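K.L.:
Sharing a model prediction with you, sequence too.
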Amino acid sequence: GAVVSQHPSRVICKSGTSVKIECRSLDFQATTMFWYRQFPKQSLMLMATSNEGSKATYEQGVEKDKFLINHASLTLSTLTVTSAHPEDSSFYICSAPTGRNYGYTFGSGTRLTVV
Amino acid sequence: AQKVTQAQTEISVVEKEDVTLDCVYETRDTTYYLFWYKQPPSGELVFLIRRNSFDEQNEISGRYSWNFQKSTSSFNFTITASQVVDSAVYFCALSEGYGGYQKVTFGTGTKLQVIP
């Protein structure tokens, strides 16, 4: 139980275009979703926290106008990378607290390549 | 502010050797959770363990064991009789507060390579 389905797993897009990443909680309600970014050989860095029905909270240094987060329902949170540039190429992963023994469940990640 | 330090960036061991991955954390909260995750090359995070700050009992799960010592703010992870399938990046992480809705701070990870 407590699965977060993340799509797409890989995406290649052209510079200047936008990409949407979806995270769905399949068997539980995710009132909160954390969005992380991981550059190659680096750790996961929290980008923002989204809460259902309210505006996301962004970490310092993360451009809210570039990384649009929408959490319109208890089972879906989306991250849209707008006007993507090659430096946005990274591994993006979402995570939701489940309230169960393991605390959080992670999506399988999205590897974004901007060319 | 919470911080997690994994001083070992890369470790190589020969199969069947034991290996310990170190984790030191900083927090001002008295209530917090510590985690270990495994990240294989495919990228997904595999949950290994969660420990709350009030439970210092060490835990063993098969070949895995964890040593939590609040006195030294450490939460070390030992793999006994390592196997090639253990090769991955391992992250130690910390979440402050109670209720499981707080953000998780990750260490920089330790890349473990088990050589056959």
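P.N.:
Alright, I've got the coordinates.
K.L.:
and the helix or strand bottoming out on mean pLDDT in chain A, does that touch chain B?
P.N.:
Ranked by mean pLDDT, DSSP states H and E, the weakest helix or strand in chain A is strand A:104-106, scoring a mean of 88. Yes. Strand A:104-106 reaches chain B (CB under 8 Å from any CB of the partner chain) through A:Tyr104, A:Thr105, A:Phe106. In this view, the C-beta of every residue, glycine as well, is placed from N, C-alpha and C.
K.L.:
Pull up the gap between the closest residue to B:Gln57 other than its chain neighbours and B:Glu17, please.
P.N.:
The spatial neighbour of B:Gln57 that comes closest, neighbours along the chain excluded (CB to CB, 6 or more residues apart in numbering or on different chains), is B:Phe68 at 7.7 Å. Per CB to CB, to the nearest Å, B:Phe68 is found 23 Å from B:Glu17.
K.L.:
How about residues contacting the host helix or strand of the residue nearest to B:Gln57?
P.N.:
Applying DSSP states H and E as the criterion places B:Phe68 in strand B:64-69. Contacts to strand B:64-69, defined as CB atoms under 8 Å, 6 or more residues apart in numbering or on different chains, come from residues B:34, B:36, B:48-49, B:51, B:55-60, B:74-80.
K.L.:
Only C-alpha atoms, please: export that strand in PDB.
P.N.:
Below are the C-alpha coordinates for strand B:64-69, written out as PDB (Å, rounded to 0.1, in the frame of the first residue of the first chain):
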ATOM      1  CA  TYR B  64      21.000  -5.000   7.700                       C
ATOM      2  CA  SER B  65      21.400  -3.400  11.100                       C
ATOM      3  CA  TRP B  66      21.200   0.100  12.500                       C
ATOM      4  CA  ASN B  67      22.900   1.700  15.500                       C
ATOM      5  CA  PHE B  68      21.200   4.800  16.800                       C
ATOM      6  CA  GLN B  69      23.100   6.800  19.400                       C
END
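K.L.:
Looking at the helix or strand that comes right after that strand now, give me its mean pLDDT.
P.N.:
Using DSSP H and E, the helix or strand that follows strand B:64-69 in sequence is strand B:74-79. Averaging pLDDT along strand B:74-79 gives 97.
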